[in-house]
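Participant: Attaching a predicted model along with its sequence, questions to come.
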2 protein chains.
Amino acid sequence: MVLPVKPASAHHVFRALSDPTRRAIFEELTRQGEQTVHALTSFAGVSQPAVSKHLTVLKRAKLVRHRRAGRETHYRAQPDALAPMVDWLRHYGVFWRDRFDKLEALLERME
Amino acid sequence: MVLPVKPASAHHVFRALSDPTRRAIFEELTRQGEQTVHALTSFAGVSQPAVSKHLTVLKRAKLVRHRRAGRETHYRAQPDALAPMVDWLRHYGVFWRDRFDKLEALLERME
DNA sequence: ACAAACCATAACCACACGGTTATGGTTTTG
DNA sequence: CAAAACCATAACCGTGTGGTTATGGTTTGT
């Protein structure tokens, strides 16, 4: 088995990423790594409870994991959880560009 | 220029695909090809106006195109419009699996 | 020990959203 | 030409959603 955890449903992932604030939080977590709720709050520009609720939705989609450390909770992104969305997209032959890019890069490295 | 039309915003695409009924309609259009609103209505299991509204949302995201033919309107999927979502996903190193698959296939064909 | 910091949950609110029925315009059919 | 089919839009409605403030529980700092 490759996946460490069973993925959430595709619906949860699509739903979680449909909101701009949640996408911003997820992007921030992947860029800057682990963050406390406090840090995410000052980043997101909404109240702390709003951030907590967004994190709950992202958690349900397994897009984030959390780690309690004393009074603060650290969240980090879990990009593997994007798999259901990627699998859904794979049906639409939408990655041919990626294939060309990879092949090109490979050939270049083979010289 | 490769793209025939300027893509809609990533937000519109994410938003449009967050609803299960709209995803089902989009999937149906890619599987079965062009469809009239009438056909899509009997497929979707909701009323005809509901389908029309869903198609409007998909249209805003440029995920479907329509063609008037007499009294009926034919809709067809436009998978190219998934590009903004794919581009967004590309930032998260989520296509490893695809890379491995491609490399594997290539090596196999090289023998 | 007490105050402050951090976070989650509850309670509430405005509004966006997905559904419905009603209506009307255009086009085909009888 | 009248009737029916097809579709889009309007009007409406219940509920979900994203935001807020209020509250309380832990944990840290003084």
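Facilitator: Good, I have the coordinates.

Participant: Flag every residue of chain A that's near DNA strand D.
Facilitator: Within chain A, the residues that sit near DNA strand D (CB under 7 Å from any atom of the strand) are A:15, A:18-19, A:21, A:46-47, A:49-50, A:53-54, A:57, A:69-71. Every C-beta, even on glycine, is put in place using the N, C-alpha and C of the backbone.

Participant: give me that answer again for 6 Å
Facilitator: Contact residues (CB under 6 Å from any atom of the strand) of chain A with DNA strand D: A:19, A:21, A:46-47, A:49-50, A:54, A:70-71.

Participant: In chain A, which residue sits closest to DNA strand D?
Facilitator: Closest residue of chain A to DNA strand D, CB to the nearest atom of the strand: A:Gly70 (2.3 Å).

Participant: Roughly how far does that residue sit from chain B?
Facilitator: Counting by CB to the nearest CB, to the nearest Å, the gap between A:Gly70 and chain B amounts to 30 Å.

Participant: Look at that residue and say how many residues are nearby.
Facilitator: 5 (other CB atoms under 10 Å in any protein chain shown).

Participant: circling back to that earlier point, top of the residues of chain A next to DNA strand D by neighbour count?
Facilitator: Highest neighbour count within these: A:His54, with 22 neighbours (other CB under 10 Å).

Participant: Could you say which helix or strand holds the closest residue to A:Ala77 other than its chain neighbours?
Facilitator: Take A:Ala77 and drop its neighbours on the chain: the residue closest to it by CB to CB, 6 or more residues apart in numbering or on different chains is A:Leu29, 3.9 Å away. A:Leu29 belongs to helix A:20-32 when assigned by DSSP states H and E.

Participant: helices or strands next to the next helix or strand after that helix in the packing?
Facilitator: The helix or strand immediately downstream of helix A:20-32 is strand A:35-36, counting by DSSP H and E. Packing partners of strand A:35-36 (3 or more CB pairs under 8 Å, 6 or more residues apart in numbering or on different chains; DSSP states H and E): strand A:72-77.
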